[in-house]
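*Asks:* This is a predicted model, with the sequence first.
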Amino acid sequence: QPKRKAAFGSVGRRIPYRILHVINQDGESLGNMHRADALRLMDEHGLKLVLLRENVEPPVYRLMTGQQIHEEQLKLAEKKKASPKAGVVQKELSFSSAIAKNDLETKIKQIALWIEKKHHVKVTIRQAK
């Protein structure tokens, strides 16, 4: 068993499993094969073996070019960026009802930035004397 789950990327020659299910760079299944056969295939085509799913029997690996690996890493980074963060941040802004126009515009810009970042915004207006 691997000690920790590696990030998506080149596995190289360290494959902890004897039997692998291999998929070629076009997405076609090459079936189950021994680790040595998969490494030989990898060397013949100048590709890299990448772990796709390890919780199945046998684990699924895919032969990929460096460009394909890079594109997948970019997709994962975008997906991670787009996913909502755990816990919601709440921002609070307080100002007087006698606020100057330019100060109000500045605070409105700040509120718009917070809303863009998906923060919850609480606005408190105090009554001027």
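*Replies:* The structure has been received and is ready for your questions.

*Asks:* While we're on residue 113, how confident is the model there?
*Replies:* At residue 113, the model reports a pLDDT of 92.

*Asks:* now do residue 102
*Replies:* You'll see residue 102 listed with a pLDDT of 94.

*Asks:* isn't there a strand covering it?
*Replies:* No: assessed with DSSP: H, G, I helix; E, B strand; the rest coil, residue 102 is helix; it does not lie in a strand.

*Asks:* how many other residues sit next to it?
*Replies:* Residue 102: 8 surrounding residues under other CB atoms under 10 Å. For the C-beta atoms, the positions are set from N, CA and C on the backbone; glycine is no exception.

*Asks:* what about it, distance to residue 19?
*Replies:* Separation of residue 102 from residue 19 (CB to CB, to the nearest Å) stands at 70 Å.

*Asks:* Ok, residue 100 next?
*Replies:* Residue 100 is 73 Å from residue 19, where distance means CB to CB.

*Asks:* Check residue 40 too.
*Replies:* Relative to residue 19, and taking CB to CB, residue 40 is found at 15 Å.

*Asks:* And residue 39, by the same measure?
*Replies:* According to CB to CB, residue 39 stands 13 Å off from residue 19.

*Asks:* Please name every helix or strand in contact with the regular element (helix or strand) spanning residue 80.
*Replies:* Per DSSP states H and E, residue 80 falls inside helix 66-82. Packing partners of helix 66-82 (3 or more CB pairs under 8 Å, 6 or more residues apart in numbering; DSSP states H and E): strand 48-53.

*Asks:* and residue 118, backbone torsions?
*Replies:* phi 70, psi 30 (degrees, to the nearest 10).

*Asks:* Please renumber the chain so that the first residue is 824 from this point on.
*Replies:* In the new numbering, first residue 824, that becomes residue 941.
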